[in-house]
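In: Have a look at this prediction, sequence included:
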Amino acid sequence: MVMPMTSDDSTAEPIMLELVDESGRTIGTAEKLSAHVAPGRLHRAFSVFLFDDSGRLLLQRRALGKYHSPGVWSNTCCGHPYPAEPPFVAAARRTAEELGVAPALLREAGTVRYNHPDPASGLVEQEYNHLFAGIVRDTPRPDPAEIGETAFVTPAELDALREKAEFSAWFMTVLDAARPVVRELTGPAAGW
């Protein structure tokens with residue numbers, strides 16, 4: 001079922017995304033829902049991976065009320081910059097909005113392009129995704145409209161959770177693409 005992606009206020013402006021070409025160059029804008037309707041339109045996105053000082057990854061389980069992939073586990077934070085908003089700024093903004101924390105450190109971890117259909121909703125994640133990895137030292141205070149729960153996990157705990165719980169379709173794609181910077185950030189002992 002496809003649901004509208006504007007705020008609860010019916011007079012709210014639609015959320016706009018930045019459309020990009022295969023090289024990540026901006027080519028226009030589109031309303032958020034229209035960019036995700038199959039076959040999807042390539043648009044700019046970001047994914048954040050935050051770790052504690054022990055090298056554990058902060059995961060979130062998406063709130064059940066989310067329009068796309070509700071109730072599944074995913075990376076710390078993900079979303080879309082507003083048109084002309086730098087991805088780094090958008091990543092920091094959404095981390096604060098969703099989790100109520102500011103990273104102690106946040107660095108770029110590359111980009112990845114993917115196309116992940118969601119059979120449950122019929123929507124498509126056709127994204128040019130900017131990746132960020134960092135450190136968080138504050139206790140998350142998640143917005144319940146965005147996040148159902150959070151957990152800090154080691155690589156072994158992540159593997160065990162993936163055996164029994166559903167994860168977002170994009171999770172492994174973005175984690176694997178960010179791993180080189182994640183390993184630099186967390187060190188070899190963390191095992192990422």
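Out: All right, it came through fine.
In: just the helices in the chain please.
Out: In the chain, the helices defined using DSSP state H lie at 32-36, 87-99, 155-164, 171-186.
In: Of all those, which one is nearest residue 115?
Out: For those, the distance to residue 115 is smallest for helix 171-186, at 9.8 Å, taking CB to CB. Just so you know, the C-beta spots here come from the backbone N, C-alpha and C atoms, and that holds for glycine as well.
In: what residues are up against the residue sitting nearest the centre point of the chain?
Out: In the chain, the centroid-proximal residue (CA atoms, centre = their mean) is residue 78; its distance is 1.8 Å. Counting by CB atoms under 8 Å, 6 or more residues apart in numbering, residue 78 touches 45, 46, 47, 48, 94, 129, 168, 170, 174.
In: and which of those is nearest residue 56?
Out: residue 48 (15.0 Å).
In: circling back to that earlier point, and the contacts of residue 78 as JSON lines, adding pLDDT and distance to residue 155?
Out: Output for these, formatted as JSON lines (pLDDT from 0 to 100; distance: CB to CB, whole Å):
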{"residue": "45", "pLDDT": "98", "distance to residue 155": "24"}
{"residue": "46", "pLDDT": "98", "distance to residue 155": "23"}
{"residue": "47", "pLDDT": "98", "distance to residue 155": "18"}
{"residue": "48", "pLDDT": "98", "distance to residue 155": "18"}
{"residue": "94", "pLDDT": "97", "distance to residue 155": "25"}
{"residue": "129", "pLDDT": "98", "distance to residue 155": "21"}
{"residue": "168", "pLDDT": "93", "distance to residue 155": "18"}
{"residue": "170", "pLDDT": "94", "distance to residue 155": "19"}
{"residue": "174", "pLDDT": "98", "distance to residue 155": "16"}
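In: Now do residue 90: how many residues are near it, please.
Out: Counted by other CB atoms under 10 Å, the residues lying close to residue 90 total 22.
In: Could you give me the buried positions within the lowest-mean-pLDDT helix or strand in the chain?
Out: Sorting the helices and strands of the chain by mean pLDDT, DSSP states H and E puts helix 32-36 at the bottom, at a mean of 94. For helix 32-36, a neighbour-count test (16 or more other CB atoms under 10 Å) marks 32, 33, 35, 36 as buried.
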